[in-house]
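A.B. asks: Generate coordinates for the sequence data below:
(chains A and B)
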There are 2 protein chains.
Amino acid sequence: MKTNDTIELLLNRKSIRKYEDRQVDEDTLESLARAAFQAPFAAQLGSLLLSRDSEKNPFSAPLLFTVCVDCHRLELIMRARGWKMKTSDAAMLLFGVQDACYMAENLVVAAESLGLGSCYLGMAPFAADRIAEDYSLPERVFPVVQLAVGYPAEDPPPRPRYPLSFSLFEDSYPELEEEDVREAMRVMDEGYLAQDYYRRADYMVELEGEREETFDFDDYSWTEHMCRKWGQWHAAAENLLGPLRRRGFEVTRDGGEEGS
Amino acid sequence: MKTNDTIELLLNRKSIRKYEDRQVDEDTLESLARAAFQAPFAAQLGSLLLSRDSEKNPFSAPLLFTVCVDCHRLELIMRARGWKMKTSDAAMLLFGVQDACYMAENLVVAAESLGLGSCYLGMAPFAADRIAEDYSLPERVFPVVQLAVGYPAEDPPPRPRYPLSFSLFEDSYPELEEEDVREAMRVMDEGYLAQDYYRRADYMVELEGEREETFDFDDYSWTEHMCRKWGQWHAAAENLLGPLRRRGFEVTRDGGEEGS
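C.D. replies: Numbering: from 1, shown residues only, chains lettered A, B, ... in the order given. Sure thing, here's the model as predicted:
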């Protein structure tokens, strides 16, 4: 494969969960923000909330960005021109999450290039009511994800990924055979075990119901972790549709008359 | 602000819609893919379909990636471990679109660093039925966006963005005043007009219904374009929920028993 400094930066990026007690200066913050907002967009539907309260921020990070899908600004512009949003909330959310994520990932890459580490925090949507109160969010602004940023106080290795043959499919999506699945599981599990990832994090998802614990940090790895998360968490659609509705998004509603 | 080669690369990126008739070699393709898949994830929920049929690809680009939310692979792994997906489809889609977009944006950045241009094509979700047939997609794989990639045969300037004060909010989302909205509109509209963007593209969204055309390329700019798109397009939620359902995703369904 071909490489260069940017490719190396992308390949070496990993989530950072320990930060130096060191502020990020205004010039650096401006670079992060400008690089983020220059990301491609459907309609500039992403906005960023910032907290520099490192005492409250996760991992005591100096910067906490809350990445939002923001239809509010577009709708203010449309109103100023005598228009009303007609596209359905379902579609606006799909475009909006994309805009927000391209922006956030540009911020991650810019941060890396300036010696900063970062970590996504995916639970923001389920905490949207509290975040909306904390930041006085208007309706039609919804927090998709949070992003802690700061100078790293740890230097873990990049984490394993599925084999390319399990992720990139030319012309046709293949019938994935049992051996393909086993190989992808092996790469992920042996990779995380070799890094002692869960023991160092001192974290296993607890089993619910009648399942009995038979794992310890010698064999608890990525695929077991994934099974416990997605096999036990957030079964109720309302856990997400409720916060969305309270922020003014109704995914089953047609656009037009009833919409904002 | 601080800068470096990566920041400059992010600030100078623009969508490319004309490509040289030149193939992308295997080494370069591997770099793009590895950089993409090393993106942060919730559960490696993104996969990539590739077409190198430049005669059929948009803009005759040598590479067309279809960026998918892919719950199929995770569910195969869960099944192999004796688990079933419990998290609701709404939540999986929200996490999945994030994984897919971080991956896609890493690919965009890697492409830039290797002298390649790119362009997102946002209509893939509405064409999911056709894409699913073309690529033989299994259920639980949904195309979020497409990405054309190739050597650029044009060199447009980077496009305008909202002022930072309209996009980055510290501690609290401000009450946006009419003058803030007007200023954001001015920056966008004057910026696109100065680049003669819509005249060069020879494209205005047609007005529907009783609205009468009063614009030409001397005053048709970004905010008018946005109003016409989002004020006229895809009002029916079913335009998106239908394709999602036919790919096995039901956003209002609780996870667990009924889920896959």
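A.B. asks: near chain B at all, stretch A:45-57?
C.D. replies: Yes. Using C-beta under 8 Å from any C-beta of the partner chain, stretch A:45-57 reaches chain B at A:46-52. Backbone N, C-alpha and C define where each C-beta goes, glycine included.
A.B. asks: Could you measure from the residue lying closest to A:Ile77 once chain neighbours are set aside over to A:Lys86?
C.D. replies: What sits nearest to A:Ile77 in space, not counting adjacent residues and going by C-beta to C-beta, 6 or more residues apart in numbering or on different chains, is B:Thr223, at 5.3 Å. From B:Thr223 across to A:Lys86, the span is 16 Å (C-beta to C-beta, to the nearest Å).
A.B. asks: I'd like to know how many residues surround A:Lys84.
C.D. replies: Neighbour count for A:Lys84, taken as other C-beta atoms under 10 Å in any protein chain shown: 15.
A.B. asks: oh sorry, the question was meant for A:Thr3
C.D. replies: Neighbours around A:Thr3, by other C-beta under 10 Å: 16.
A.B. asks: same deal with the one 5 residues further on?
C.D. replies: Neighbouring residues of A:Glu8 were enumerated by other C-beta under 10 Å; the total is 12.
A.B. asks: and if you look at A:Glu190?
C.D. replies: 13.
A.B. asks: Repeat that for A:Glu133.
C.D. replies: Count around A:Glu133 with other C-beta under 10 Å applied: 9.
A.B. asks: Low-confidence ranges, chain A, go.
C.D. replies: Counting by pLDDT under 70, the ranges of chain A that qualify are A:257-260.
A.B. asks: same thing but at 50, please
C.D. replies: Chain A contains residues with pLDDT under 50 at A:258-260.
A.B. asks: Quick check: longest strand in it by residues?
C.D. replies: strand A:141-150 (DSSP state E).
A.B. asks: Using PDB, write out every CA atom in that one.
C.D. replies: Taking Å, rounded to 0.1, in the frame of the first residue of the first chain, the C-alpha atoms of strand A:141-150 are listed here in PDB:
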ATOM      1  CA  VAL A 141     -31.100  20.600  17.600                       C
ATOM      2  CA  PHE A 142     -30.200  17.000  18.700                       C
ATOM      3  CA  PRO A 143     -26.900  15.800  20.200                       C
ATOM      4  CA  VAL A 144     -25.600  12.800  18.200                       C
ATOM      5  CA  VAL A 145     -22.300  12.200  19.900                       C
ATOM      6  CA  GLN A 146     -19.700  13.800  22.200                       C
ATOM      7  CA  LEU A 147     -16.000  14.100  21.600                       C
ATOM      8  CA  ALA A 148     -13.400  14.600  24.300                       C
ATOM      9  CA  VAL A 149     -10.200  16.300  23.100                       C
ATOM     10  CA  GLY A 150      -6.900  17.100  24.800                       C
END
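A.B. asks: quick one: the residue lying farthest from the centre of chain A from B:Arg228, how far?
C.D. replies: Largest separation from the mean C-alpha position in chain A: A:Gly82, at 34.9 Å (C-alpha atoms, centre = their mean). Taking C-beta to C-beta as the measure, A:Gly82 falls 12 Å from B:Arg228.
A.B. asks: again, but for A:Glu133
C.D. replies: 35 Å.
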